[in-house]
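> sequence and predicted structure, then a few things I'm wondering about:
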Amino acid sequence: MARAATPAITALLTAGIPHEVLQYDHDPRRESYGEEAVQELVRVEGADPDQVFKTLVVASDALPKGLGVAVLPVPSKLSLKAAAAALGVSKVTMAEPAAAERATGYVVGGLSPFGQRKALPTVVDASALRWNRVLVSAGKRGWEVAVHPQDLIRLTGAVIADIQA
């Protein structure tokens, strides 16, 4: 098998999960990576903004390795309380960007729920189940991958919960 462009794509290929890689021109001056992804994917792919999911890393001393992952629609805000409950801890905070990058192996703006350096406990927002495919980062800014939500859940070992604020 040829080497895939990112560890996320390698993980999908290795698991035999059907997916589609979508790319857009990332503007390095943009700091709101999720908003940029939504704008481009709505324009180019006709995606619904709520179908484009972001991957956030949260921190808690009570989590194994001290970190966890929350995957939710880009337009939504994360409820830290709901994410903590779903991950089985009393409290989480947003992880420091450097800690998120070290743990996942990805840069902020390209954090993928797939193929992370360290497998972290993951929660996916229940709204993902409304879609026949969701779009998440493929592990590089400007790269997204479309997958069936059940495949996202299965490959990441995620729990499902309402985690939007």
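Sure thing, it's come through. Numbering: from 1, shown residues only.

> how close does the residue most central in space within the chain get to residue 46?
The centroid of the chain falls nearest to residue 55 when counting by Cα atoms, centre = their mean (2.9 Å). To residue 46, residue 55 is 22 Å away according to Cβ to Cβ, to the nearest Å. No exception for glycine: its C-beta is placed from N, CA and C like everyone else's.

> for residue 142, same thing?
Residue 142 is 18 Å from residue 46, by Cβ to Cβ.

> repeat that for residue 132.
According to Cβ to Cβ, residue 132 and residue 46 sit 14 Å apart.

> return every residue with contacts to both of those two.
Counting by Cβ atoms under 8 Å, 6 or more residues apart in numbering, residue 132 and residue 46 have no shared contacts at all.

> can you get me a residue count around the nearest residue to residue 80 once chain neighbours are set aside?
Excluding its sequence neighbours, the residue lying closest to residue 80 (Cβ to Cβ, 6 or more residues apart in numbering) is residue 92, at 5.4 Å. Using other Cβ atoms under 10 Å, the number of residues around residue 92 comes to 27.

> doesn't residue 79 make contact with residue 92?
No: counting by Cβ atoms under 8 Å, residue 92 does not reach residue 79; the two are 10.1 Å apart.

> dihedrals phi and psi, the residue nearest to residue 80?
phi -130, psi 160 (degrees, to the nearest 10).

> which residues of this structure fall in strands?
Here the chain has its strands, by DSSP state E, at 20-23, 53-59, 67-73, 93-94, 122-125, 134-140, 143-147, 159-161.

> in the chain, what helix or strand scores lowest on average pLDDT?
Within the chain, confidence by mean pLDDT, DSSP states H and E is lowest for helix 33-45 among all helices and strands, at a mean of 82.

> can you tell which of the strands of the chain is closest to residue 32?
Residue 32 sits nearest to strand 53-59 of all the strands of the chain, at 10.3 Å, using Cβ to Cβ.

> pLDDT averaged over the closest one - what is it?
In this model, strand 53-59 has an average pLDDT of 97.

> ok, and what's touching it?
By Cβ under 8 Å, 6+ apart, the surrounding residues in contact with strand 53-59 are 34, 37, 66-74, 78, 80, 83-84, 87, 92-96, 99-100, 103-104, 111-113, 120, 124-125, 128, 134-137.

> send me it as PDB with only the CA atoms.
Extracted as PDB, the C-alpha positions of strand 53-59 are listed here (Å, rounded to 0.1, in the frame of the first residue of the first chain):
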ATOM      1  CA  PHE A  53     -17.000  19.000  12.500                       C
ATOM      2  CA  LYS A  54     -14.100  20.300  14.500                       C
ATOM      3  CA  THR A  55     -11.800  18.300  16.700                       C
ATOM      4  CA  LEU A  56     -11.000  19.900  20.100                       C
ATOM      5  CA  VAL A  57      -8.600  18.600  22.700                       C
ATOM      6  CA  VAL A  58      -9.600  19.000  26.300                       C
ATOM      7  CA  ALA A  59      -7.500  18.500  29.500                       C
END
